[in-house]
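Novice: coords please:
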Amino acid sequence: MVGSPTLATLPVWSEAVVSRAQIRAMNLARGTAVAENGGLSVYRPEPCMVQTSTGGGACFVSGGRGFTFNFLGGRPGWPEDGSQPTTETEIEIGPRGTDVVKIWYNGVPRSGRPLAPRDPLTDQ
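Specialist: Model prediction:
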């Protein structure tokens with residue numbers, strides 16, 4: 001057929017596979033930060049911490065001997081209304097994604113860190 005796409009011309013969709021352990025780790029890191037910062041009525045983590053398809057996306061720092069996440073947080077609505085975050089959390093989760101190894105930092109956003117929430121589609 002003339003004009004029909006062939007296998008050679010069809011786009012190839014590729015997605016990185018995110019392990020179940022990484023998804024568990026992301027969920028545990030987010031839940032721990034929420035608990036440490038007063039609960040969902042007063043605190044919301046950066047949107048990348050709910051992106052299970054990317055395993056934390058821009059918030060995922062490393063997966064060496066476990067999973068480390070670094071993310072901002074603030075009052076409910078902070079990312080959507082453009083207000084500044086009030087908290088930065090850096091947390092390490094064990095390799096199975098089931099235990100908190102250490103909260104490395106949970107406080108005022110450190111200098112040199114972008115204060116706007118990161119967009120995983122544009123901030124690579």
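
Novice: Quickly find the element holding residue 101.
Specialist: strand 100-107 (DSSP states H and E).

Novice: in that strand, what counts as buried?
Specialist: Buried residues in strand 100-107, counted by 16 or more other CB atoms under 10 Å: residue 100. For glycine as for every other residue, the C-beta is placed from the backbone atoms N, C-alpha and C.

Novice: same question, stretch 80-97
Specialist: Neighbour counts over stretch 80-97 (16+ other CB under 10 Å) mark 85, 86, 87, 88, 89, 90, 91, 92, 93, 94, 95, 97 as buried.

Novice: In strands only, show me those residues.
Specialist: Those of the buried residues of stretch 80-97 mapping onto strands are 87, 88, 89, 90, 91, 92, 93, per DSSP state E.

Novice: just these now: which is nearest residue 60?
Specialist: Among those, residue 93 lies closest to residue 60 (CB to CB), at 10.5 Å.

Novice: And the helix or strand of the chain with the lowest mean pLDDT, what does it pack against?
Specialist: One helix or strand of the chain scores below all others by mean pLDDT, DSSP states H and E: strand 60-62, with a mean of 87. Counting contacts by 3 or more CB pairs under 8 Å, 6 or more residues apart in numbering; DSSP states H and E, strand 60-62 is packed against strand 67-74.

Novice: what angle separates the strand it packs on from strand 87-93?
Specialist: Interaxial angle of strand 67-74 relative to strand 87-93 (axes from the mean of the first three to the mean of the last three CA atoms, to 10 degrees): 160 degrees.

Novice: Check which helices and strands strand 67-74 sits against.
Specialist: With contacts taken as 3+ CB pairs under 8 Å, 6+ apart, strand 67-74 sits against helix 20-36, strand 44-45, strand 60-62, strand 87-93.

Novice: Out of those, flag the one nearest residue 80.
Specialist: Proximity to residue 80 (CB to CB) singles out strand 44-45 among the helices and strands packed on strand 67-74, at 9.4 Å.
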